[in-house]
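1. next come a sequence and a model predicted from it.
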Amino acid sequence: MVYSTIKSSRGAFALLIDPDKQTDNLPDLVTKAESLGVDLILVGGSLVKRGMEETIATIKSNCRIPTVLFPGSVFQFTPTADAILLLSLISGRNAEYLIGNHVIASQAIKESKMEVIPTGYMLIDSGQTSSAQYMSNTSPIPSSKPDIALATALAGEQLGLKTIYLEGGSGAQDSIPETFIKTVCDSIDIPVIVGGGIKTPKQANAIRMAGASMVVVGNSIEKNPHLLEELVAASR
Ligand code: 1GP
């Protein structure tokens, strides 16, 4: 079960693969990821044009790490993954990203029988406009307002969401501040996932120490796959 991995007290590490940025080294990368104990592989992005199925097939033929859809839009749904982070963009007020796309995808998701993880997705301002922010036409929560993030995460928990994803933005210059993460983690009982702009083992470890259950890294591993080992170790 993917959800039990996310909420495990041991701490989990997820590698994010964006099919548009996929390179020829994907088989080697995921083989190495399995040997290093990467827990999950998220697949998706803000603007994936093609290749969800092919990417998932390549991952599955080279490792046994569960694949989890991290969809930027309803068009990225494919029944071949093991699970889906069913994202409701609770930091924004765009109904399509709160419930609209979910209605469109609901029957296909049910037929796929994949594990569904209802996820409160929260965009946190990193000082520059992120792709997710632009594509969803929503405002992120200011990083100087952890109290707003706390209340939003709490509302998500009260609505029955199973996890909160604090998103600093793909390729963000800085990751979300630890004190901000700690404020949210200390206030809710459901597991917190943190991603966006994580580049060093020190950052990953600080995020874990702040209470995050799972750390997600994409860009910096795409740029330097050798970072993977230390990032995984630092996220435990
Ligand atoms: C993006 O949180 C993820 O949605 C990961 O971000 O690519 O910056 O690691 P990075």
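-> Yep, it's here.
2. up against the ligand, what does this protein have?
-> Residues of the chain lying close to the ligand (CB under 6 Å from any ligand atom) are 16, 167, 170-172, 195-198, 216-220. All C-beta atoms are positioned from the backbone trio N, CA, C, and that covers glycine.
3. show me which pair in those is furthest apart.
-> Greatest spacing in the residues of the chain next to the ligand, by CB to CB: 167 and 220 (15.5 Å).
4. state the next helix or strand along the chain beyond the longest strand seen in the chain.
-> In the chain, assigned by DSSP state E, the strand with the most residues is strand 115-123. Beyond strand 115-123 in the direction of the C-terminus, DSSP states H and E gives the next helix or strand as helix 131-136.
5. downstream of that next one, the next helix or strand is which one?
-> Once the chain leaves helix 131-136, the next helix or strand it forms, by DSSP H and E, is helix 146-158.
6. spatially nearest residue to residue 33, not counting backbone neighbours?
-> Once flanking residues are discounted, residue 33 sits nearest to residue 15: 5.4 Å by CB to CB, 6 or more residues apart in numbering.
7. just the element for that neighbour, please.
-> Assigned by DSSP H and E, residue 15 belongs to strand 12-17.
8. helix or strand: which one has the nearest residue to residue 165 once chain neighbours are set aside?
-> Nearest non-adjacent residue to residue 165, counting by CB to CB, 6+ apart: residue 193, 4.4 Å away. Using DSSP H and E, residue 193 sits within strand 192-195.
9. hey, C-alpha coordinates of that strand in PDB?
-> The C-alpha coordinates for strand 192-195 follow below in PDB (Å, rounded to 0.1, in the frame of the first residue of the first chain):
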ATOM      1  CA  VAL A 192       2.800  15.800   5.300                       C
ATOM      2  CA  ILE A 193       4.700  15.500   2.000                       C
ATOM      3  CA  VAL A 194       7.200  18.300   1.100                       C
ATOM      4  CA  GLY A 195       8.700  19.000  -2.300                       C
END
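10. SS state for the closest residue to residue 199 other than its chain neighbours?
-> Spatially, and ignoring its direct neighbours in sequence, residue 199 is nearest to residue 220 (4.4 Å; CB to CB, 6+ apart). Taking DSSP: H, G, I helix; E, B strand; the rest coil as the rule, one finds residue 220 in the helix state.
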